[in-house]
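Engineer: Give me coordinates for this.
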Amino acid sequence: MKPSRNPYRDEVDFKALALQSPDFAKYLKDNGQLDFSDPAAVRQLTTSLLARDFKLTVDLPPDRLCPPVPNRLNYILWLQDLLDTTGRKFSDEYDPERPVVGLDIGTGCCAIYPCLGCSLRPQWKFIATDIDDKNIELSRRTVSQNNLSPRINIVKTTSEDPLIPDPSTYGYERLDFTMCNPPFYSSEDDMVSAAAAKNRPPFSACTGAKVEMITPGGEVAFVSQMIEESLRLRDKIQWYTTMLGKLSSVSVIVQNLLDCGNKNWAVTEFVQGNRTKRWAVGWSWSDLRPAVDAARGFTSSSIPKHLLPFPSEFTFHASSTSIDQVCRDVDGQMRALPRAAWTWRPARSRGVLLVKEDVWSRRARRKLQQQQQQQQQQDQDKPHSPSADVDDRNAALGVAIQFKQEIDTSRGPTVLIRWLKGSDHVLYESFCGMLKRKLTKKS
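Structural biologist: Here you go, the predicted structure:
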């Protein structure tokens, strides 16, 4: 995500917030610091940030989890990136006209994720579930007092219900995403031992109820159930996502996805200043590939490389120093490919290519020639139309090719090949290799 989108990319300026929020100023020490061991101070920080930065009014009870705003915002921004870079328009940009419906599993006491999502994106809607009666009551009150009832549906569920119901349950054919901040711990003993094993983080005043903190099997069992349910629903939901509180859980969950045959997943790390780290995993049963920053936003070296998704971007420098010449060359080469759909936008120096199979290698050209000969023999009156049957639904590979002129004009323009669609990374690599060879030939 672009840092400019996150108002909390640096530490929160408590003194500035105190000047804007008299209620928060009451908790600020003379040295400009906040006592994070004071639950009331932590609740007021969340309340004041939501009011100042998102115009949201919330009432946080003392006996439920107090959601830290910067951490929750990071999750929403990551979801935006996943959706923006896996849209059917293949623009890799925010589409303000795209309607989005998401499911928040375990929405908590104030439905903070749906409220943040709706405040940032006017076309977003949410279904928000919880099994706790008090959380349901408080979340409905929050949604109502912020005039978000038409966009956020708060639903009471039970522990016997599926975590991810069929979208038709709520009147939708499909959903765009699920999100979840599952209970981290498997038992009270697990929670106590985890706290004893580390120094207390800045947001250390934990007032969460047991139902919010503990679940049988912990977060791994909870998310594993989500994966099992996603196998049934498949592409009825584009992105299944969850936050994780333990680094060790990331490897387990990703390996679980691989064992289930998933080929399109994303991992990221949420870090806010020196505060507690959180991680997130997302997976999709579609073949629309997210941008590399969204898919591999994970910086820890503790995760084995084979558990990271294949990079969806390939960059090199063309030999020619003229970006106009490179653009003309590639446009001509892509137009000449058989059985391919190519869309070129000169103003953006960007094109999108869709193919059903390898159509660039020698083997592919020989195969095509044989097929054309057979076609001509079968029906002379129906000539082959090479690109009419390729679209964004049936293409096996979709790529965007972007060109950028370097400031140093002695160096060739940058060529970025962005993997947009497909499950076969070998096919993607083959295309990247072919184009690189063509554009880096020495004259």
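Engineer: going forward, measure contacts and count neighbours with C-alpha atoms only.
Structural biologist: OK.
Engineer: do you know how far the closest residue in space to residue 352 that isn't next to it in sequence is from residue 325?
Structural biologist: Nearest non-adjacent residue to residue 352, counting by Cα to Cα, 6 or more residues apart in numbering: residue 400, 4.3 Å away. For residue 400, the distance to residue 325 (Cα to Cα, to the nearest Å) stands at 18 Å.
Engineer: okay, these two: which has more neighbours?
Structural biologist: Neighbour totals were compared for residue 400 and residue 325, and residue 400 leads with 22 against 11 (other Cα atoms under 10 Å).
Engineer: element containing that one?
Structural biologist: Residue 400 is part of strand 397-404 when elements are defined by DSSP states H and E.
Engineer: neighbouring contacts of the helix or strand that that strand is followed by?
Structural biologist: Using DSSP H and E, the helix or strand that directly follows strand 397-404 along the chain is strand 414-421. The contact list for strand 414-421 (Cα atoms under 8 Å, 6 or more residues apart in numbering) reads 86, 90, 287-291, 312-318, 395-406, 428, 432.
Engineer: Check stretch 236-243 too.
Structural biologist: With contact meaning Cα under 8 Å, 6+ apart, stretch 236-243 is reached by 75, 166-167, 173-182, 223, 230, 278-286.
Engineer: next one: that stretch to chain centre, how far?
Structural biologist: Computed by Cα atoms, centre = their mean, to the nearest Å, the chain-centroid distance of stretch 236-243 equals 9 Å.
Engineer: Against which helices or strands is the strand holding residue 400 packed?
Structural biologist: In terms of contacts (3 or more Cα pairs under 8 Å, 6 or more residues apart in numbering; DSSP states H and E), strand 397-404 is packed against helix 323-336, strand 350-355, strand 414-421.
Engineer: 6 Å instead?
Structural biologist: strand 350-355, strand 414-421 (3 or more Cα pairs under 6 Å, 6 or more residues apart in numbering; DSSP states H and E).
Engineer: partners of that strand in the sheet?
Structural biologist: Paired with strand 397-404 in the same sheet, following DSSP bridges, are strand 350-355 (antiparallel), strand 414-421 (antiparallel).
Engineer: tell me the average confidence for that strand?
Structural biologist: Mean pLDDT, computed over strand 397-404, is 97.
Engineer: picking that back up, out of the strands paired with strand 397-404, the one nearest residue 127 is which?
Structural biologist: For the strands paired with strand 397-404, the distance to residue 127 is smallest for strand 414-421, at 28.2 Å, taking Cα to Cα.
Engineer: Can you give the distance of the closest one from its chain's centre?
Structural biologist: 18 Å.
Engineer: Could you tell me which of the contacts of stretch 236-243 are located in strands?
Structural biologist: 175-180, 278-283 (DSSP state E).
Engineer: Just flag the most distant two among those residues.
Structural biologist: Based on Cα to Cα, the longest span within the ones in strands among the contacts of stretch 236-243 runs between 175 and 278 and measures 24.9 Å.
Engineer: Among these two, which residue is more densely surrounded?
Structural biologist: residue 175 (22 against 18).
Engineer: Could you list the low-confidence segments of the stretch 101-250 of the chain?
Structural biologist: Within the stretch 101-250 of the chain, the segments meeting pLDDT under 70 span 184-214.
Engineer: was I right about residue 398 contacting residue 354?
Structural biologist: Yes - at 4.5 Å, residue 398 counts as touching residue 354 under the criterion of Cα atoms under 6 Å.
Engineer: Pop out the phi and psi values for the residue nearest the centre of the chain.
Structural biologist: Most central in the chain under Cα atoms, centre = their mean is residue 82, positioned 3.0 Å from the mean C-alpha point. The phi/psi pair for residue 82 (degrees, to the nearest 10) reads phi -60, psi -50.
Engineer: same deal with residue 365?
Structural biologist: phi -70, psi -40.
Engineer: residue contacts, it?
Structural biologist: Contacts for residue 365 (Cα atoms under 6 Å, 6 or more residues apart in numbering) come out as none.
Engineer: swap in residue 257?
Structural biologist: By Cα under 6 Å, 6+ apart, residue 257 has no neighbours at all.
Engineer: Are we agreed that it is in a helix?
Structural biologist: Yes - assessed with DSSP: H, G, I helix; E, B strand; the rest coil, residue 257 lies in a helix.
Engineer: For it, give me the pLDDT.
Structural biologist: For residue 257, the model assigns a pLDDT of 98.
Engineer: Same question for residue 359.
Structural biologist: pLDDT at residue 359 comes out at 94.
Engineer: Would you map the helices across the protein?
Structural biologist: 14-20, 22-25, 39-54, 69-84, 112-120, 133-145, 188-196, 210-213, 218-233, 247-259, 292-295, 323-336, 362-378, 425-439 (DSSP state H).
Engineer: From residue 230, how far out is residue 126?
Structural biologist: Separation of residue 126 from residue 230 (Cα to Cα) stands at 18 Å.
Engineer: cool, residue 440 as well?
Structural biologist: Residue 440 is 44 Å from residue 230, by Cα to Cα.
Engineer: okay, those two: which has more neighbours?
Structural biologist: Set residue 440 next to residue 230 and count neighbours by other Cα under 10 Å: residue 230 wins out with 22 against 14.
Engineer: what about the residue lying closest to residue 412 once chain neighbours are set aside, neighbour count?
Structural biologist: On the basis of Cα to Cα, 6+ apart, the spatially nearest residue to residue 412 that is not a chain neighbour turns out to be residue 321, at 4.2 Å. Neighbours of residue 321 under the rule other Cα under 10 Å: 18.
Engineer: Then residue 271?
Structural biologist: Neighbours around residue 271, by other Cα under 10 Å: 15.
Engineer: Quick check: pLDDT value at it.
Structural biologist: Looking at residue 271, its pLDDT reads 81.
Engineer: Okay, the residue nearest to it when sequence neighbours are not counted and residue 117: tell me how far apart.
Structural biologist: Among residues not flanking residue 271 along the chain, residue 277 sits closest, at 5.1 Å (Cα to Cα, 6+ apart). Distance of residue 277 to residue 117, given as Cα to Cα: 21 Å.
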